[in-house]
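>>> 3D, please:
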Amino acid sequence: MRELEQATPIKQGTWLYSGSVPCEVRIVRHHTLYGTGDVSDPPEIAEDRTVECFYILYHTPTGEPAWVGGGAALSLQEAVTVAEAALGSGLRWNDA
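Predicted structure coming up:
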């Protein structure tokens, strides 16, 4: 997770936890789509893949842990959609 936390964000925003506590959200580009490592999953899910991908990270209201993983996607648009679905209407992206 540390490698993802240190990556330069390509999209950033804020979501309101419980409608009132602002928490940072970011999407970072990475070169490895991490697999589950579970041998019962199909290989394309279980194994790491070298491919351009995008990870969603966000802070919690308490700040611990520093960043929480919010999922991964194979395109920036898909990552935006995943983040918006997970964090709801309290998510606002910073202007580019």
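>>> Tell me which residue lies nearest the centroid of the chain.
The residue lying closest to the centre of the chain (C-alpha atoms, centre = their mean) is residue 56, at 1.0 Å.
>>> Next secondary structure element downstream of the helix or strand harbouring it?
Using DSSP states H and E, residue 56 sits in strand 49-58. Next helix or strand after strand 49-58 toward the C-terminus (DSSP H and E): strand 68-73.
>>> Next, the buried residues of that next one.
By neighbour count on 16 or more other C-beta atoms under 10 Å, the buried set for strand 68-73 is 70, 72, 73. To be clear about C-beta, it is placed using only N, CA and C from the backbone, and glycine gets the same treatment.
>>> Can you tell me the SS state at residue 36?
coil (DSSP: H, G, I helix; E, B strand; the rest coil).
>>> Read off the pLDDT value for it.
pLDDT, residue 36: 89.
>>> Quick check: closest non-adjacent residue to it.
With C-beta to C-beta, 6 or more residues apart in numbering as the criterion, residue 36 has its nearest non-adjacent residue at 5.3 Å, and that residue is residue 46.
>>> what number of residues lie near that neighbour?
13 (other C-beta atoms under 10 Å).
>>> For residue 35, see how far away it is.
As judged by C-beta to C-beta, to the nearest Å, residue 46 and residue 35 stand 5 Å apart.
>>> got it, and residue 73?
Taken as C-beta to C-beta, the span from residue 73 to residue 35 is 15 Å.
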